[in-house]
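**Q** Prediction below, plus the sequence it came from.
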Amino acid sequence: MNTTKVTSQQVAERAGVSQSAVSRVFTPGASASKKTIEKVRKAAAELGYRPNVLARAMVSGKSRIIGLIVAYLENQFYPEALEKLSNELQQRGYHVLIFLAEQTAGNIDAVVEEILDYQVDGIIAASVAMSSDLSERCRAAGVPMVLFNRSQDDPNMSAVTSDNYAGGRKIAEFLLAAGHRKIGHIAGWEGASTQRDREAGFISALAEAGVTLHSRASGDFTMEKAAEATRKMFASDPPEAVFVANDHMAVAVMDTLRFELGLKVPDDVSVVGFDDVPAAGWPAYDLTTVRQPANRMVADTVEILLDQIENNQGEPRRIAIDGPLILRGSARIPEGWTT
């Protein structure tokens with residue numbers, strides 16, 4: 001085994017090009033002819049050469065690494081969204097370091113401090129809450145941050161979400177059009193902006209129709225607590241329909257209704273979720289839900305972050321993208337509505 005580290009100069013000599021040409025070939029976004037790229041990569045493969053990314057980062061001041069903070073991976077929405085974010089960033093010449101955090105804000109400060117130690121060029125925070133102090137710490141370090149599927153009251157923080165308020169309204173209008181008046185809501189984690197905005201839109205549309213929420217319980221965005229919330233909500237004077245704050249909880253709600261309580265969905269009770277995760281389309285659930293436009297959310301998140309990194313465009317942007325109501329078989333469909 002050859003333990004001597006191969007240098008870029010050796011690659012240049014074998015390929016018959018300059019050392020700067022070797023550097024350009026292994027620098028994302030740099031210009032090099034197809035012929036040069038082929039010769040350099042062939043020589044590098046023969047010699048076993050690997051570029052020193054960390055050394056290049058120290059010289060350039062850019063690591064081309066994005067820190068991605070995520071919690072709540074049990075929800076099918078996030079693994080799929082993370083894959084899309086990673087692919088999009090890699091296509092733009094960046095690498096991703098994923099850091100796991102608690103769903104609540106408890107340990108997020110320590111996680112962000114750890115991320116900053118890796119000299120990342122930017123941070124995407126998905127499904128976690130951030131404090132204003134922490135966002136200011138990132139700005140002071142010159143590291144831009146974008147929130148994904150969360151928003152904050154801090155006007156200096158960029159955020160990309162679906163239009164949760166409008167989605168909540170759509171669900172209320174749909175259930176009302178189906179003739180439901182005894183309507184319940186199983187909420188998610190109370191500290192999440194997604195929960196707050198979805199419920200606010202839902203309650204607003206009910207109120208405009210002169211309908212008050214029949215019952216409410218919290219599932220805290222977990223299947224276990226959603227199941228327990230369902231048992232309590234349907235113990236006496238049950239609702240005719242229930243809006244569950246996300247699909248992850250909604251499948252647990254449906255299982256509890258059907259297999260524990262002996263109720264038929266949607267004959268006895270209509271169930272609507274939010275997100276449109278893969279399980280929502282499975283025949284076992286056939287869940288009516290609001291679809292989060294993940295592709296557009298990912299594209300806008302990456303665009304905002306890289307604009308700040310590469311073009312020093314520091315103005316915060318807050319984007320809420322409208323998502324459609326997907327009609328399936330878990331809820332009574334109003335007359336005249338089509339799938």
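**A** Done, it's in.
**Q** switch to C-alpha atoms for all contacts and neighbour counts from now on
**A** Fine.
**Q** shaky segments in the stretch 51-200 of the chain?
**A** Applying pLDDT under 70 to the stretch 51-200 of the chain picks out residues 52-61, 103-107, 129-132.
**Q** how about the strands in the chain?
**A** Using DSSP state E, the strands assigned to the chain run over residues 65-70, 95-100, 122-126, 145-148, 158-162, 183-187, 215-218, 241-244, 270-275, 288-291, 318-321, 325-326.
**Q** could those strands be laid out in TSV, adding mean neighbour count and distance to Ser204?
**A** Output for the strands of the chain, formatted as TSV (neighbours: other CA atoms under 10 Å; distance: least, CA to CA, whole Å):
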stretch	mean neighbour count	distance to Ser204
strand 65-70	23	30
strand 95-100	16	35
strand 122-126	24	27
strand 145-148	26	25
strand 158-162	25	18
strand 183-187	25	13
strand 215-218	18	15
strand 241-244	28	14
strand 270-275	28	17
strand 288-291	27	17
strand 318-321	16	18
strand 325-326	20	17
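**Q** now those strands in CSV, with distance to Leu82?
**A** Supplementary listing: these in CSV, determined by distance: least, CA to CA, whole Å:
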stretch, distance to Leu82
strand 65-70, 9
strand 95-100, 9
strand 122-126, 9
strand 145-148, 10
strand 158-162, 14
strand 183-187, 24
strand 215-218, 26
strand 241-244, 23
strand 270-275, 15
strand 288-291, 17
strand 318-321, 18
strand 325-326, 23
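**Q** To Glu228, which of those strands lies closest?
**A** When these are compared for distance to Glu228 using CA to CA, the nearest one is strand 215-218, at 9.1 Å.
**Q** how about that closest one as CSV, C-alpha atoms only?
**A** Coordinates of the C-alpha atoms in strand 215-218 are reproduced here as CSV (Å, rounded to 0.1, in the frame of the first residue of the first chain):
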residue,chain,number,x,y,z
SER,A,215,-63.6,19.6,20.6
ARG,A,216,-59.8,20.0,20.7
ALA,A,217,-56.9,17.8,21.9
SER,A,218,-53.2,17.8,21.4
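**Q** My read is that Val242 contacts Val271, right?
**A** Yes. Checked against CA atoms under 8 Å, the pair Val242 and Val271 is within contact range at 5.1 Å.
**Q** Tell me how far Gln90 lies from Arg64.
**A** Counting by CA to CA, to the nearest Å, the separation of Gln90 from Arg64 is 10 Å.
**Q** With neighbour numbers in mind, choose between those two.
**A** Between Gln90 and Arg64, counting by other CA atoms under 10 Å, Arg64 is the more crowded of the two (21 against 15).
**Q** contacting residues for the nearest residue to that one once chain neighbours are set aside?
**A** Spatial nearest neighbour of Arg64, chain neighbours left out: Tyr94 (4.9 Å); criterion: CA to CA, 6 or more residues apart in numbering. Contacts of Tyr94 were listed using CA atoms under 8 Å, 6 or more residues apart in numbering, and they are 64-66.
**Q** got the residues you listed as a markdown table, with distance to Leu116 columns?
**A** Conversion of the contacts of Tyr94 to a markdown table gives the following (distance: CA to CA, whole Å):
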| residue | distance to Leu116 |
| --- | --- |
| Arg64 | 13 |
| Ile65 | 11 |
| Ile66 | 10 |
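**Q** By residue count, which helix of this protein is the longest?
**A** As assigned by DSSP state H, the longest helix anywhere in the chain is helix 294-311.
**Q** helices or strands up against that one?
**A** helix 77-91, strand 122-126, strand 145-148, strand 158-162 (3 or more CA pairs under 8 Å, 6 or more residues apart in numbering; DSSP states H and E).
**Q** distance between the last one and the chain's centre?
**A** So that's strand 158-162. Strand 158-162 sits 9 Å away from the centroid of its parent chain (CA atoms, centre = their mean, to the nearest Å).
**Q** okay, the angle between that strand and strand 270-275?
**A** For strand 158-162 against strand 270-275, the angle between stretch directions is 150 degrees (axes from the mean of the first three to the mean of the last three CA atoms, to 10 degrees).
**Q** Same check on the longest one?
**A** Here helix 77-91 points in a direction 20 degrees away from that of strand 270-275 (the same axes, to 10 degrees).
**Q** Could you tell me the angle between helix 77-91 and strand 65-70?
**A** The directions of helix 77-91 and strand 65-70 differ by 170 degrees, with the same axes, to 10 degrees as the criterion.
**Q** Show me the helices in the protein, by range?
**A** Along the chain, the stretches classed as helices by DSSP H are 8-15, 19-25, 34-47, 53-60, 77-91, 108-117, 132-140, 164-177, 193-208, 223-233, 247-255, 294-311.
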